[in-house]
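>>> I'll drop the sequence and a predicted model, then ask my questions.
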Amino acid sequence: MRRKLIAGNWKMNGLKAEGIALAKAVFEKCATTPDKTFDILVCPPMNVLGFVAELPHAGAFVGAQDVAETTKPNGAFTGDISAQMVLDLGATWTLVGHSERRQYHHETDAVVKQKALNAIGAGLTTVICIGETLAEREAGQAVDVVRRQTRECVPMQATAENCVIAYEPVWAIGTGKVPTTADVAEIHAAVRDELAKVLGQEKADKMRILYGGSVKPENAKELLNVENVDGALIGGASLKADSFWAIAETLM
Ligand code: 13P
């Protein structure tokens, strides 16, 4: 049985006091739910990552939203943060390949794979994000696109312990639009099938595949019940502890 994962991607939101308050509120809910049957991950922006990671957070994981592409742990890479630096802050996870990184920073599948390798190599658990654009969906290419991204972004070193996949259709992010449960099921099955080709069936069967894109308390139960959906990656609704937790609570 794959343990479900409820992950919050705060993106570029929150000044220091807000980020710390949000993290405290989420961690308090975790602490008062000791027997929960799912994992919780928060991915704050870099301005608060270290502060958040230093808060007591039993029952929750803390992650970054990105790591550097270079294999070097330090050096002349202005603006970058290495996986080793993330780990040093006390975070143990990171996202890589989010569609906003692909769109605004022109990250290719090869770059995403290198970042995943760096993260895994440094000892971070990595959420590799994939997903088709609206144009690709309308052209009937969604399955082909996510299969290609899975093949080209997931390194051979990935295991169910150090890697999670997040399927986020770009057109569903922040739009209030969600794919049908049949479409989600089709994509998640294709991703798992492609993972089996890259990593072998056993590893593929154990690896978690999250759905992301306009997940809200109102639609979470339905989405989280789709076959091969092993959790959610949440943007907007993760910025309030109540709505983030209400999504997790649909699993209780
Ligand atoms: P929203 O939940 O705001 O649609 O964002 C999804 C997302 O991009 C999470 O990484």
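Looks like it came in fine. Keep in mind that what you see is a predicted model, and the values were worked out from it rather than measured.
>>> longest helix in this protein, by number of residues?
helix 181-199 (DSSP state H).
>>> which element follows that one toward the C-terminus?
As assigned by DSSP states H and E, the chain's next helix or strand after helix 181-199 is helix 201-206.
>>> now for the very next helix or strand once past that next one, which elements pack on it?
Next along the chain after helix 201-206, taking DSSP H and E as the criterion, comes strand 209-212. Here strand 209-212 is seen to pack against strand 4-9, strand 163-167, helix 181-199, strand 231-234 when contacts are counted using 3 or more CB pairs under 8 Å, 6 or more residues apart in numbering; DSSP states H and E. Using the backbone N, CA and C atoms, a C-beta is placed for each residue, glycine as well.
>>> if you set the cut-off to 10 Å instead, what comes out?
Helices and strands touching strand 209-212, as assessed by 3 or more CB pairs under 10 Å, 6 or more residues apart in numbering; DSSP states H and E, comprise strand 4-9, strand 125-130, strand 163-167, helix 181-199, helix 217-224, strand 231-234.
>>> in the chain, what residue sits furthest out from the centroid?
Ala76 (27.9 Å; CA atoms, centre = their mean).
>>> which residue does the stretch 101-250 of the chain have closest to the ligand?
Gly235 (2.3 Å; CB to the nearest ligand atom).
>>> let me see the contact set for Tyr167.
129-132, 142, 146, 149-150, 179, 184, 187-188, 190-191, 209-213, 228-229, 233 (CB atoms under 10 Å, 6 or more residues apart in numbering).
>>> pull up the gap between it and Glu100, please.
15 Å (CB to CB, to the nearest Å).
>>> does Cys163 touch Thr150 like I think?
No - applying CB atoms under 10 Å as the test, Cys163 and Thr150 come out as separate, 11.2 Å apart.
>>> overlap in contacts of these two?
By CB under 10 Å, 6+ apart, the residues touching both Cys163 and Thr150 are 128, 195, 199.
>>> from these, pick out the ones that also neighbour the ligand.
By CB under 6 Å from any ligand atom, no member of these lies near the ligand.
>>> present these as JSON lines; the columns should include neighbour count, distance to Asp35 and pLDDT.
Output for the shared contacts of Cys163 and Thr150, formatted as JSON lines (neighbours: other CB atoms under 10 Å; distance: CB to CB, whole Å; pLDDT from 0 to 100):
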{"residue": "Ile128", "neighbour count": "25", "distance to Asp35": "30", "pLDDT": "99"}
{"residue": "Leu195", "neighbour count": "25", "distance to Asp35": "30", "pLDDT": "98"}
{"residue": "Leu199", "neighbour count": "22", "distance to Asp35": "31", "pLDDT": "98"}
